[in-house]
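Provide a 3D model corresponding to the input given below.
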Amino acid sequence: MNETTQLPHFREVFHRRERRSVPLVRQFVRAALVDWACDARVDDVLLCVSELVTNALLYGVPPGRGFRLRLHLEPVDGILRVEVHDSGGGEARLADSWAGRDEEGGRGLRLVAALADKWGVGEREPGKVVWCEFEVPVGAGREPSVR
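Here you go, the predicted structure:
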């Protein structure tokens, strides 16, 4: 195994508080996973990214501000960490129960908790970081590209 595959891989992107940020972030994450030859659990990762970003846009990003998404892949351990940093108040927590069938919200963090191997909330000033982690096998057939 050459030295490049031993290095952690890191990407980040900043987006303003706009509805179109969700599909743009999904494209960003998909491209990173392809570059890193990480093709396992892609659907789970993308769904969790969508939920975390949507929650940040709805509850954590004040008008006129934005959020930062960070991806970190540790190829040796096979751990992919997704972080969404916002600058707003509010609290990220699981709803007391699954939302009713007719309710629009209340499922986001429950989906993240069900799909990710770990998730949590960290403090930052101002705002918070909501993160999740996935155990992922990194592509054995090719070396990840370095950007």
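
in a helix, Arg68, correct?
No. Applying DSSP: H, G, I helix; E, B strand; the rest coil, one finds Arg68 to be strand, outside a helix.

check what pLDDT it gets.
Looking at Arg68, its pLDDT is 97.

wait, doesn't it sit right on Arg16?
No. Contact criterion Cβ atoms under 8 Å: Arg68 and Arg16 do not qualify, at 11.1 Å. C-beta: built from backbone N, CA, C; applies to glycine.

what packs against the helix or strand where Val121 lies?
Using DSSP states H and E, Val121 sits within strand 118-123. Judged by 3 or more Cβ pairs under 8 Å, 6 or more residues apart in numbering; DSSP states H and E, strand 118-123 is in contact with helix 108-115, strand 128-135.

contacting residues around that strand?
Residues outside strand 118-123 that contact it (Cβ atoms under 8 Å, 6 or more residues apart in numbering): 48, 91-93, 109, 112-113, 128-133.

the chain: helices as residue ranges?
Under the criterion DSSP state H, the chain contains helices at 21-35, 42-55, 108-115.

low-confidence ranges, this protein, go.
1-7, 93, 95-106, 139-147 (pLDDT under 70).

hmm, 50 instead?
1-6, 99, 102, 140-144 (pLDDT under 50).

circling back: neighbouring strands - and their directions - for the strand holding Val121?
strand 128-135 (antiparallel) (DSSP bridges).

put the alpha carbons of the partner strand into CSV.
What follows is strand 128-135 as a C-alpha-only set of coordinates in CSV (Å, rounded to 0.1, in the frame of the first residue of the first chain):
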residue,chain,number,x,y,z
LYS,A,128,-23.0,24.2,16.6
VAL,A,129,-21.6,21.3,14.7
VAL,A,130,-23.9,18.4,13.9
TRP,A,131,-21.9,15.3,12.7
CYS,A,132,-22.3,11.7,11.7
GLU,A,133,-19.9,8.9,11.0
PHE,A,134,-19.9,5.9,8.8
GLU,A,135,-17.7,2.8,8.7
